[in-house]
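Asks: A structural model of the following input is requested.
(one chain, ligands or ions: 2)
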Amino acid sequence: MSSHVVFGAGLIGSYLGASMHNLGLNVALVCRAAVKNNLAKGVVLTDYQEHYAQVENLNFLDSEILAKLKPEQISCDFLWLTVKCHSVERALLEIAPLVNKNTVILCCQNGLGSDRPVKNAYPHNTVLRVMVPFNVVELEKGHLHRGSEGHLTIEQANRPDISENLQAMLNSELLPVSITNDMQSLLWAKLQLNLGNSINALADIPVKSMLEQRGYRLVIATMMQELLAVSKELGLELPKVTALPANLVPHVLKLPNFLFKLVANKMLAVDPNVRTSMWWDMSQNKPTEIQYLNGAVVGEGARVGVPTPANTRIVALVEALSAPSSKHEQGAKRVKTALTRPVSASQLQRLIRQH
Ligand SMILES: NC(=O)C1=CN([C@@H]2O[C@H](COP(=O)(O)OP(=O)(O)OC[C@H]3O[C@@H](n4cnc5c(N)ncnc54)[C@H](OP(=O)(O)O)[C@@H]3O)[C@@H](O)[C@H]2O)C=CC1
Ligand SMILES: CC(C)(CO)C(=O)C(=O)O
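Replies: Ligands and ions are numbered 1, 2, ... in the order given. Here you go, the predicted structure:
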């Protein structure tokens, strides 16, 4: 039987690992002690469609033990890297004992660019990107809930049997899985949605309440229009990841509240407690993924000559109000701001209109 290791099991990795264990796969989790404590007594998996599983006896691999192992002492066919983007470089040092020449490494981060250091470190391994469309929350200790729809999507490998076997192994009610031949466009389409993570974190309210306020929607729509201009310049055709085509989403977000409620009922049909991953980071005073999300739009925009002023200002604001990430910011000069969290919709609108 193939062996899997989930490295950096937090919300996504624990849901993924527990789903695999529930399917009878051979999987071990590498995670922080606090996460292990929450999962060790058994995990309950549920989703928005009311699927349910009780998962017992998960396997854990302790970091100290891992550090002492050599690749020949451990078998890992599939290594699922589920740390946040800014933790990937550091994780590369620690995954070394798990990677043999046949290990397939799967990068499960939002945004753009987290796979680059992995490919540089392991140029002879198959490194595949994975798009996670759904939200996972821990409703209570050991209860992981998939709160929204979508198939976890694996990039088609040069050897198609790799991705196809993975899909056949994993695809299930609690974990729907697909494969794509065009991961770059899919990641840009997902990135369009994730631009709102920053606003959710700054507003410090659930996603549903944020979407109910037109002021916040206008800011998100402006950032999305910048992304669409950049992706057009790059020649990408963004696939549909919501009920609406990518190009239409900003127009719908800009509608007055009463029309938005009529047209976007699917967008608003989100669990009232859902918050984005960046909200969790900011609320726990952890570094955010802003450089890989809105920052990626700014970077690509600069490369192809498309201005991205709204994303640029939101990146600076998030950086000013959150913990520095090791890669991009330590020691870097931060923009000073008079704004404090929670930031209101009108403050954000004024900020992105500044010249
Ligand atoms: N949460 C969600 O609903 C969604 C998240 N995503 C994306 O999935 C990715 C993972 O997100 P998520 O699961 O929310 O993140 P989490 O922060 O919940 O999980 C990552 C975990 O990895 C741990 N970790 C980091 N480095 C190491 C290490 N060297 N050894 C052991 N553990 C380590 C972190 O601990 P510590 O914090 O102490 O470093 C944390 O517990 C992100 O790119 C996110 O944007 C995509 C869709 C939805
Ligand atoms: C699923 C979504 C868009 C919102 O939870 C997400 O990707 C995140 O929180 O990072």
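
Asks: Q225 reaches P250, doesn't it?
Replies: Yes. If you go by Cβ atoms under 8 Å, Q225 and P250 touch, sitting 5.0 Å apart. Bear in mind the C-beta positions are built from the backbone N, C-alpha and C, glycine included.

Asks: shared neighbours of the two, anything?
Replies: The contact sets of Q225 and P250 do not overlap (Cβ atoms under 8 Å, 6 or more residues apart in numbering).

Asks: So what's the residue count around G111?
Replies: For G111, the count of nearby residues is 21 (other Cβ atoms under 10 Å).

Asks: Give me the distance between it and A296.
Replies: 6 Å (Cβ to Cβ, to the nearest Å).

Asks: Quickly list what's touching both of those two.
Replies: Listed contacts common to G111 and A296 are L191; contacts here mean Cβ under 8 Å, 6+ apart.

Asks: which element is Q167 on?
Replies: Element membership for Q167 (DSSP states H and E) is helix 160-170.

Asks: Would you indicate which residues of that helix are buried?
Replies: By 16 or more other Cβ atoms under 10 Å, the buried positions in helix 160-170 come out as I162, S163, N165, L166, Q167, M169, L170.

Asks: contacting residues for the nearest residue to N200 once chain neighbours are set aside?
Replies: Nearest residue to N200, sequence neighbours excluded (Cβ to Cβ, 6 or more residues apart in numbering): T276, at 4.4 Å. Listed by Cβ under 8 Å, 6+ apart, the contact partners of T276 are N135, N194, G196, N197, N200, A201, V207.

Asks: okay, among those, which ones form the most distant pair?
Replies: N135 and A201 (14.1 Å; Cβ to Cβ).

Asks: between the two, who's got more neighbours?
Replies: A201 (27 against 22).

Asks: Is it correct that that one falls within a helix?
Replies: Yes. Applying DSSP: H, G, I helix; E, B strand; the rest coil, one finds A201 inside a helix.

Asks: which residues does it contact?
Replies: Neighbouring residues of A201 by Cβ under 8 Å, 6+ apart: T276, M278, W279, D281, M282, S283, T288, V318, S322, R341.

Asks: so the third one sits in a strand?
Replies: Right, W279. No. W279 is assigned helix when assessed by three-state DSSP, not a strand.

Asks: Next one: it from ligand 1, what distance?
Replies: Computed as Cβ to the nearest ligand atom, to the nearest Å, the W279 to ligand 1 distance reads 10 Å.

Asks: what about that residue, distance to N311?
Replies: Applying Cβ to Cβ, the value for W279 to N311 is 18 Å.

Asks: Residue in the stretch 51-200 of the chain with the shortest distance to ligand 2?
Replies: N135 (3.4 Å; Cβ to the nearest ligand atom).
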